[in-house]
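Novice: here is my input, please return the structure:
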Amino acid sequence: MNTITLLLTLPQIERLYEGWHEFEVKAPAYSRYQLKPENCTITAYQSNKVVFQGKDAAIYAAPFQTEESFDQSQGQNDFRRFAKQTHAGSDEVGTGDYFGSVCVCACAVEKQDLAWLETLKVNDSKQINDEVILKTAPLLMERLAYSLLILPPAKYNQIHQQCNMNQIKAILHNQAYVHLKHKRGELPKAAIVDQFTPQASYYRYCKDQKEIVRGLHFETKAESHYPAVACASMIARCAFLKAWTAMENQWDMTFSKGAGNAADQDGAAFVRKHGEQHLKEVAKLHFKNTEKVADLL
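Specialist: Coordinates of the predicted model:
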């Protein structure tokens, strides 16, 4: 069994929880929470120490480690030569938010686009102001080949009755790549997924799909190394923000992003105004927030 122990900041501990809270189990003494996603147990202690244990501990810990500590694979370093060539990448947005859609994008970047992307300062959407994303993403969409999938909350809740979040993400990533492949005629030699689950699990989740794109490269923090993943991240974020605005306008409400206390309060306000039966149309009901909304009411 692999074990990785990290000392994280409180925002990192909260971000880790938002990403995997679906797999929360009863927490041991002196811990903030314990999560059990596939092939790993994650325990966050009150001291801010976080322990990752299991076969895939390195995959779940990687986004919270320094570049020097997790980038030790020579094979991975070799693969990164494709970041300066034509390549494709995929990423998703919205899986850590109680409200709103899940958006997945696969995008192809041609070698001749790389200098242009540098002038736009394309990066991971989590590191860029939303106003900048809303201005920059349309430029990417005009020039680059991409496939964008938007899963509204109501449809997400319906699918989640049979699939967990990782399976939903895997299916969406695969479908985005299928669409991109058909749009371009073929995919570039290098196609990267910003890794959210072990490769074997990804393909197991997709096993019943009509068409499966294989030969993908899985890497954590991929948006920091591959421009195509960064572009996909920005396009997905732009779609998420536009869908969010449409949702707020439709229901005449203001919703808080993330899955914190503010989201609980907004959920309770929504139910008071529109009724519990409509909560599934704006929120991901399996989040712990739904229980907290009920408590507030």
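Novice: any idea how far residue 230 lies from residue 8?
Specialist: 24 Å (C-beta to C-beta, to the nearest Å). Using the backbone N, CA and C atoms, a C-beta is placed for each residue, glycine as well.
Novice: I meant to write residue 176 there.
Specialist: Relative to residue 8, and taking C-beta to C-beta, residue 176 is found at 31 Å.
Novice: hmm, back to that, neighbour-wise, which of residue 230 and residue 8 wins?
Specialist: residue 230 (28 against 17; other C-beta atoms under 10 Å).
Novice: what is the neighbour count of the residue nearest to residue 148 when sequence neighbours are not counted?
Specialist: Closest residue to residue 148 apart from its sequence neighbours, by C-beta to C-beta, 6 or more residues apart in numbering: residue 105 at 4.8 Å. Other residues within reach of residue 105, judged by other C-beta under 10 Å, total 33.
Novice: now residue 210, what's its secondary structure?
Specialist: coil (DSSP: H, G, I helix; E, B strand; the rest coil).
Novice: one more: residue 106?
Specialist: Residue 106 - assigned by three-state DSSP - is strand.
Novice: show me where the stretch 1-150 of the chain has strands.
Specialist: According to DSSP state E, counting those that start in this stretch, the stretch 1-150 of the chain carries its strands in the segments 3-7, 24-25, 31-35, 41-45, 49-53, 87-93, 102-109, 145-151.
Novice: between these, which gets nearest to residue 223?
Specialist: Shortest separation from residue 223 across these is recorded for strand 87-93, at 6.0 Å, computed as C-beta to C-beta.
Novice: any regions of the stretch 101-250 of the chain where pLDDT drops low?
Specialist: Counting by pLDDT under 70, the low-confidence segments of the stretch 101-250 of the chain come to 124-125.
Novice: contacts for stretch 55-69, please.
Specialist: 1-4, 6, 8, 12, 16, 20, 37-40, 42, 50, 52, 70, 195, 197-198, 220-221 (C-beta atoms under 8 Å, 6 or more residues apart in numbering).
Novice: correction: the previous question concerned stretch 201-210.
Specialist: So stretch 201-210 is contacted by 38-39, 163, 166-167, 170-171, 173-175, 193, 197, 212, 214, 216, 218 (C-beta under 8 Å, 6+ apart).
Novice: nearest spatial neighbour of residue 110, chain-adjacent residues omitted?
Specialist: residue 86 (5.0 Å).
Novice: run a quick neighbour tally on the residue nearest to residue 146 when sequence neighbours are not counted.
Specialist: With sequence-adjacent residues excluded and distances taken as C-beta to C-beta, 6+ apart, residue 146 is closest to residue 107, at 4.1 Å. Close neighbours of residue 107, defined as other C-beta under 10 Å, add up to 28.
Novice: and residue 107, what is it in contact with?
Specialist: By C-beta under 8 Å, 6+ apart, the neighbours of residue 107 are 88-90, 140, 144-147, 180, 228-229, 231-232, 235.
Novice: just flag the most distant two among the contacts of stretch 201-210.
Specialist: 39 and 175 (24.4 Å).
Novice: picking that back up, quick check, nearest of the contacts of stretch 201-210 to residue 280?
Specialist: Looking across the contacts of stretch 201-210 and measuring by C-beta to C-beta, the closest to residue 280 is residue 163, at 16.0 Å.
Novice: can I take it that the closest one is in a helix?
Specialist: No: per three-state DSSP, residue 163 lies outside any helix segment and is coil.
Novice: residues contacting the residue nearest to it when sequence neighbours are not counted?
Specialist: Distance criterion C-beta to C-beta, 6+ apart; nearest residue to residue 163, sequence neighbours excluded, is residue 171 at 7.3 Å. Shown here is residue 171, whose contacts under the criterion C-beta under 8 Å, 6+ apart are 163, 205, 206, 209.
Novice: if anything else comes up later, I'll come back, but that's it for now.
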